[in-house]
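Undergrad: Any chance you can model this:
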Amino acid sequence: MAGFFTSGAILPQSGGFALIALALMVAEFLFHKVNHVESHDAGESAASLAIAAGNKVIGALTASLGAVPVFFVAQHRLFDIPMRGVAVWAALFLAVEFCYFLHHLAMHKVRWLWATHSVHHSATRLNLSAAVRIGWGGHLTGGLVFYLPLVALGFPPLAVFGMLGAGLVYQFFLHLARPPHLGPLEWVLNTPRHHAVHHASNASVVDRNFGGVLIVFDRLFGTFAEAPRGEPLSFGVAGATTSRNPLAIVFGVWLAMLRDAGRTPGLGNKLRVLFGPPG
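TA: As a prediction, the model looks like this:
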């Protein structure tokens, strides 16, 4: 069950979906290649796939550890919510979406969480291969806390994390290299156009569009942004050194954070380095 959890985007967990995702990545690459559109960097895509493979292995090895707090909370839940009827599933969907919004926002505002999530933002080309560039062991660094209130309330853990997993599958398709305009759906759904803005490192739109399947919470809480007019979107982490080494990508921000904490005098100051804003 903990295998559903990632640090902010989708990593295919089942072998079947992983093969489908890989086929879609190849199809996207070939489509743009035939049409002479430079949407991919071979070295960067290879690094993304290596990171995705490592995430899958780490996830399998640590799934039981991530499940421990979930089942502990489930044993002390306030109610038993039966998953019968459309209304209860709709309520769970909205609740998971809101928890994901808060979690994703925190991953950009808390350096401890950003250390893992930054891996996903390190790609300088946005395409389907970037979708699986996910930091390792994100469910062990505290992200599960954002979904435990739903389990404590009485929603079954499998329903909560199954809903989260379905949303993460949807997010895979948000990373298209050439995002289409989906018309009126753009008002409600998180679309490839909105997610491209989220990945952009342009100063005018940094830290915007945190939604999962929906974009409504961004609109409600003032974190929504359209792409800037007359300004092409740039991707990657602003100010960071670009690397194609998977280990440097996965551990680079963690090492920098721990180094800064080690050099900072005083426990309070060290905690501010670890849990304050990135940078």
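Undergrad: who's in contact with residue 80?
TA: By CB atoms under 8 Å, 6 or more residues apart in numbering, the contact set of residue 80 is residue 154. For the C-beta atoms, the positions are set from N, CA and C on the backbone; glycine is no exception.
Undergrad: Show me what the strand or helix carrying residue 258 is packed against.
TA: Residue 258 belongs to helix 246-263 when assigned by DSSP states H and E. If you count contacts as 3 or more CB pairs under 8 Å, 6 or more residues apart in numbering; DSSP states H and E, helix 246-263 packs onto helix 42-75, helix 111-121, helix 267-275.
Undergrad: now for the ones you listed, which one comes closest to residue 244?
TA: helix 42-75 (4.4 Å; CB to CB).
Undergrad: So which other helices or strands are in contact with the closest one?
TA: On a contact count with 3+ CB pairs under 8 Å, 6+ apart, helix 42-75 meets helix 15-34, helix 128-131, helix 148-153, helix 157-172, helix 246-263.
Undergrad: before we move on, the earlier item: could the C-alpha coordinates of the helix holding residue 258 be exported in CSV?
TA: The C-alpha trace of helix 246-263 is given here as CSV (Å, rounded to 0.1, in the frame of the first residue of the first chain):
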residue,chain,number,x,y,z
PRO,A,246,21.6,10.1,-11.3
LEU,A,247,23.3,9.9,-7.9
ALA,A,248,24.3,13.6,-8.0
ILE,A,249,20.7,14.5,-8.9
VAL,A,250,19.1,12.3,-6.2
PHE,A,251,21.5,13.2,-3.3
GLY,A,252,22.9,16.6,-4.3
VAL,A,253,20.3,18.8,-2.5
TRP,A,254,20.3,16.5,0.5
LEU,A,255,24.1,16.8,0.9
ALA,A,256,24.0,20.5,0.5
MET,A,257,21.3,20.8,3.1
LEU,A,258,23.0,18.6,5.6
ARG,A,259,26.3,20.4,5.0
ASP,A,260,24.6,23.8,5.6
ALA,A,261,23.1,22.4,8.8
GLY,A,262,26.4,21.1,10.0
ARG,A,263,28.1,24.4,9.5
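Undergrad: Now do it: everything it contacts.
TA: Helix 246-263 has contacts (CB under 8 Å, 6+ apart) with 47, 50-51, 54, 111-112, 114-116, 118-119, 122, 133, 135-136, 243, 270, 273-274.
Undergrad: got the angle for that helix vs helix 111-121?
TA: 160 degrees (axes from the mean of the first three to the mean of the last three CA atoms, to 10 degrees).
Undergrad: Can you mark which positions in helix 246-263 are buried?
TA: Using 16 or more other CB atoms under 10 Å as the test for burial, helix 246-263 gives 246, 249-254, 257, 261.
Undergrad: Dump these to CSV, plus distance to residue 151 and pLDDT.
TA: Formatted as CSV, the buried residues of helix 246-263 follow (distance: CB to CB, whole Å; pLDDT from 0 to 100):
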residue, distance to residue 151, pLDDT
246, 33, 97
249, 32, 97
250, 29, 97
251, 31, 97
252, 33, 96
253, 29, 96
254, 28, 97
257, 29, 97
261, 31, 97
